[in-house]
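K.L.:
what would the 3D arrangement of this be:
(one chain, ligands or ions: 1)
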Amino acid sequence: MAAAVIDGKAFAQGLRGRVADAAARFQAETGRAPGLAVVLVGEDPASSVYVRSKGKACQEAGMTSIEHRLAETTTQAELIALVEALNADPNVDGILVQLPLPKQIDDKAVIAAIDPAKDVDGFHVVNAGRLAVGEDALVPCTPLGCLMLLKDQMGDLSGKDAVVIGRSNIVGKPMAQLLLGESCTVTIAHSRTKDLPAVVRRADIVVAAVGRPEMVKADWIKPGAVVIDVGINRIEAGESKTRLVGDVAYDEAAAIASAITPVPGGVGPMTIAVLLRNTVVAARARLGLGAEAGL
Ligand code: GUN
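P.N.:
Sure thing, here's the model as predicted:
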């Protein structure tokens, strides 16, 4: 039987609606909208597109978007000075510094300068540590979005075998922590893993986050597994056209899996929706307001 298609676009739309309701309640309680500051250094076209769509999504959810566009030649000290000003600004609840940064700037130093209470990317070591020990944390948007889709599809994940392919700080490692928090048996596979297909074949849940077009083949998938594809890869499609594909060979994997996320329209739309969600969560926590249900 063909796999169910996990509609991330629809789920993300629903989440954005709930975030908009929560933002309106925050405004009623505090007299101001939740505010997200997004910082872009340089002119990278893909980053520029992301930053613009984050700003638009914020406004659509009734939140304040504060955009800072800095020159490619910005120094690390200048960027950190901006981050410190945003830390001190009471109207800013979330700070996102778009990655990658130009080569003269050390990502780690910039992330370390962000107030963990405003770290809506969940990249600060304090948030990574809180996630690892099971305390309340701001969690990276993409893996949290993947977990939401998995729970929506499968309900209780406890006892499931989960294989995460990729060990990045942004997706692979926090994804593994989230699945462990749901009582899955978790394996993190990566470029040095021996016999990757055999490892993936054990999984009830596969999360592919490696950035290699269509790497995961049908015969790597256990029949009935649920497949979450984080990859967004642009490949040549003939006649000087290009096409977006994931890290999973979708058509063949969909014949074996019980459910699978498409690319585009799966995980992609979740990232911004969770960013907005994290901003409202951070805003309420900073002001000592209770957590919102349904986020
Ligand atoms: N660049 C690509 N993805 C992300 C993300 O989730 N957050 C930030 N800050 N930069 C990114």
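K.L.:
dump the residue contacts of residue 268.
P.N.:
8, 232 (Cβ atoms under 8 Å, 6 or more residues apart in numbering). For every residue, glycine as well, the C-beta is placed using N, CA and C.
K.L.:
list phi and psi for it.
P.N.:
phi -50, psi -60 (degrees, to the nearest 10).
K.L.:
what's the pLDDT at it?
P.N.:
Listed pLDDT for residue 268 reads 97.
K.L.:
in three-state terms, label residue 214 for me.
P.N.:
Secondary structure, DSSP: H, G, I helix; E, B strand; the rest coil: residue 214 is coil.
K.L.:
that one: neighbouring residues, count only.
P.N.:
Residues lying near residue 214 (other Cβ atoms under 10 Å) number 20.
K.L.:
and the closest residue to the ligand within the stretch 1-150 of the chain, what is it in contact with?
P.N.:
Residue nearest to the ligand within the stretch 1-150 of the chain: residue 99 (3.7 Å; Cβ to the nearest ligand atom). Contact partners of residue 99, counting by Cβ under 8 Å, 6+ apart, are 107, 170.
K.L.:
quickly find the element holding it.
P.N.:
Assigned by DSSP states H and E, residue 99 belongs to no helix or strand.
K.L.:
kindly report the residues of this protein close to the ligand.
P.N.:
For the chain, the residues in contact with the ligand (Cβ under 6 Å from any ligand atom) are 96, 97, 98, 99, 121, 141.
K.L.:
need the max-distance pair from the residues you listed.
P.N.:
Longest distance between any two of the residues of the chain next to the ligand is 13.7 Å, between 97 and 141; criterion Cβ to Cβ.
K.L.:
shared neighbours of those two, which are they?
P.N.:
Residues touching both residue 97 and residue 141 by Cβ under 8 Å, 6+ apart: residue 121.
K.L.:
separate out the buried members of the residues of the chain next to the ligand.
P.N.:
Buried members of the residues of the chain next to the ligand, counted by 16 or more other Cβ atoms under 10 Å: 96, 97, 98, 121, 141.
K.L.:
helix or strand for residue 15, which one?
P.N.:
Secondary structure assignment for residue 15, by DSSP H and E: helix 8-30.
K.L.:
distance of the residue of the stretch 1-150 of the chain closest to the ligand from residue 51?
P.N.:
11 Å (Cβ to Cβ, to the nearest Å).
K.L.:
and for residue 21?
P.N.:
Distance from residue 21 to residue 51, by Cβ to Cβ: 25 Å.
K.L.:
comparing those two, which residue is more hemmed in?
P.N.:
Ranked by neighbour count (other Cβ under 10 Å), residue 21 and residue 51 place residue 51 first, with 20 against 16.
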